[in-house]
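*Asks:* what's the 3D shape of this:
(chains A and B)
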Amino acid sequence: GAVVSQHPSRVICKSGTSVKIECRSLDFQATTMFWYRQFPKQSLMLMATSNEGSKATYEQGVEKDKFLINHASLTLSTLTVTSAHPEDSSFYICSARVETQYFGPGTRLLVL
Amino acid sequence: AQKVTQAQTEISVVEKEDVTLDCVYETRDTTYYLFWYKQPPSGELVFLIRRNSFDEQNEISGRYSWNFQKSTSSFNFTITASQVVDSAVYFCALSEAWGVGNQGGKLIFGQGTELSVKP
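*Replies:* Just a heads-up that it's a prediction; the model follows:
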């Protein structure tokens, strides 16, 4: 149980395009999901907390207009990186919480 | 402010050795949770253990054991008879308790310890 999926697992895009990443809890419902970003050899940095049916709560320094989060159902949250630039290249990981946060496999984004 | 410190950046051991990964945390909350996650090279974080602040009992799961000591704000993780498959980055994390409406409860991660187990 407690499986979280992410799609796509890897994406390469041109600078200026938008990329949508989906996070799904497969066998449980999650009122709260989280989005993290991880640079190579570094820890996870929380970007935002996504609550079903309400606006996401963004961490300080994270541009909410650049990283759009939608949590439309109890099993799906999406992160859209708008007008992506090379500095947005990173590993994005979502988690869904029951009593514990369970993580998706991550999405590697490369912006050319 | 909440903080998690994993002072060991990298550890290298030979297979079958025991290894302890240290984790020290800071929080002003009386109710909180501590976690350990494993991140193999594939990138996915694997949940290992969750411990609440009121439960100081040590836990053993196979070759894994955890030592929680509130007096020293530490939650250390020991792997007994390490194996090559244990090679990964291990993260210790802390979260506040989450309340009504499921607000709060975000994870504060340590910097991670990269464990390399050589055959």
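*Asks:* Please verify my assumption that residue A:81 contacts residue A:19.
*Replies:* Yes - between residue A:81 and residue A:19 there is a contact under C-beta atoms under 8 Å: 4.7 Å. Glycine gets a C-beta too; all of them are placed from N, C-alpha and C.
*Asks:* and chain A, which residues reach chain B?
*Replies:* For chain A, the residues in contact with chain B (C-beta under 8 Å from any C-beta of the partner chain) are A:2, A:31-32, A:34, A:42-44, A:46, A:49, A:51, A:91, A:93, A:95, A:97, A:99-106, A:108.
*Asks:* List only those of the residues you listed flagged as buried.
*Replies:* Among the residues of chain A next to chain B, those classed as buried by neighbour count (16 or more other C-beta atoms under 10 Å in any protein chain shown) are A:2, A:31-32, A:34, A:43-44, A:46, A:49, A:51, A:91, A:93, A:95, A:97, A:100-104, A:106.
*Asks:* residue ranges for the strands of the chain, please.
*Replies:* Using chain A. Chain-ordered strands for chain A, with DSSP state E as the definition, fall at A:4-7, A:10-13, A:19-25, A:32-38, A:44-51, A:57-58, A:67-73, A:76-81, A:90-97, A:101-103, A:107-111.
*Asks:* Let me rephrase: I mean chain B.
*Replies:* According to DSSP E, the strands that chain B contains are B:3-5, B:10-14, B:19-21, B:24-26, B:32-39, B:46-52, B:59-61, B:64-69, B:74-79, B:88-96, B:107-109, B:113-118.
*Asks:* Tabulate those strands (a markdown table), appending distance to chain A.
*Replies:* As requested, those are arranged in a markdown table below (distance: least, C-beta to the nearest C-beta, whole Å):
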| stretch | distance to chain A |
| --- | --- |
| strand B:3-5 | 9 |
| strand B:10-14 | 10 |
| strand B:19-21 | 14 |
| strand B:24-26 | 14 |
| strand B:32-39 | 7 |
| strand B:46-52 | 5 |
| strand B:59-61 | 14 |
| strand B:64-69 | 15 |
| strand B:74-79 | 15 |
| strand B:88-96 | 7 |
| strand B:107-109 | 5 |
| strand B:113-118 | 8 |
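*Asks:* Right, I'll leave it there.
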